[in-house]
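Here is my input; please provide its structure:
(one chain, ligands or ions: 1)
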Amino acid sequence: METRFTRSNWWDDYVHDGKNLCYGVIDYTKDTIEISTLYAESTQFTTFLHEILHGIDEFLGIKLEEEQIDKLARGLAMLILDNPDLFEDQNWVWEVVEDGKEEDNEFQE
Ligand SMILES: [Zn+2]
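Predicted structure coming up:
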């Protein structure tokens, strides 16, 4: 799963899902997430997490409700914003990330 991420702040280029103006939108066919910069950065960050959770939900077929996605995104945003050093000082996290990359490469060979 590789998703491209863009932020849009052009007045004539509002982020929309085809029906409504949105804080952000994920496009499952293009593997893109677009976040509007018309709102506060904390809102953009929570929206980014919200759209990521939609992607995970879709990828894994969990079928979360919109309200559940919203609450999980807000919870994750609170956790990350209240603990900016959460992953920075955790070397084991980055070791797991590096090991995961090697395992992915082995899997593709
Ligand atoms: Zn949503």
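
tally of neighbours for the residue nearest to residue 86 when sequence neighbours are not counted?
Nearest in space to residue 86, with sequence neighbours left out and distances taken as C-beta to C-beta, 6 or more residues apart in numbering, is residue 80 at 6.4 Å. The C-beta positions use only the backbone N, C-alpha and C, and glycine is treated the same way. By the criterion of other C-beta atoms under 10 Å, residue 80 has 14 neighbours.

Verify the contact between residue 80 and residue 88 for me.
No: counting by C-beta atoms under 8 Å, residue 80 sits too far from residue 88 to count as a contact (11.3 Å).

on that earlier part again, for residue 43, see how far away the residue nearest to residue 86 is.
Using C-beta to C-beta, to the nearest Å, residue 80 is found at 14 Å from residue 43.

tell me which residues in stretch 26-34 are buried?
Going by neighbour count (16 or more other C-beta atoms under 10 Å), the buried part of stretch 26-34 is 26, 33-34.

Including distance to residue 58, could these go into a markdown table?
As requested, those are exported to a markdown table (distance: C-beta to C-beta, whole Å):
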| residue | distance to residue 58 |
| --- | --- |
| 26 | 8 |
| 33 | 12 |
| 34 | 16 |
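
Nearest to residue 71 among the residues you listed?
When those are compared for distance to residue 71 (C-beta to C-beta), residue 26 wins out at 17.5 Å.

Check which helix or strand that closest one maps to.
According to DSSP states H and E, residue 26 maps onto strand 24-27.

could you show me where the strands are in this structure, in order?
4-8, 24-27, 32-36 (DSSP state E).

Pick out the shakiest of the ones you listed, pLDDT-wise.
When these are compared on mean pLDDT, strand 4-8 scores lowest, with a mean of 67.

residue ranges for the helices of this structure, please.
For the chain, the helices defined by DSSP state H cover 41-60, 66-82, 91-108.

ranking the ones you listed by burial, who's on top?
Highest mean neighbour count of the helices of the chain: helix 41-60, a mean of 17 (counted as mean count of other C-beta atoms under 10 Å).

which stretch among the helices of the chain comes nearest residue 19?
helix 66-82 (13.9 Å).
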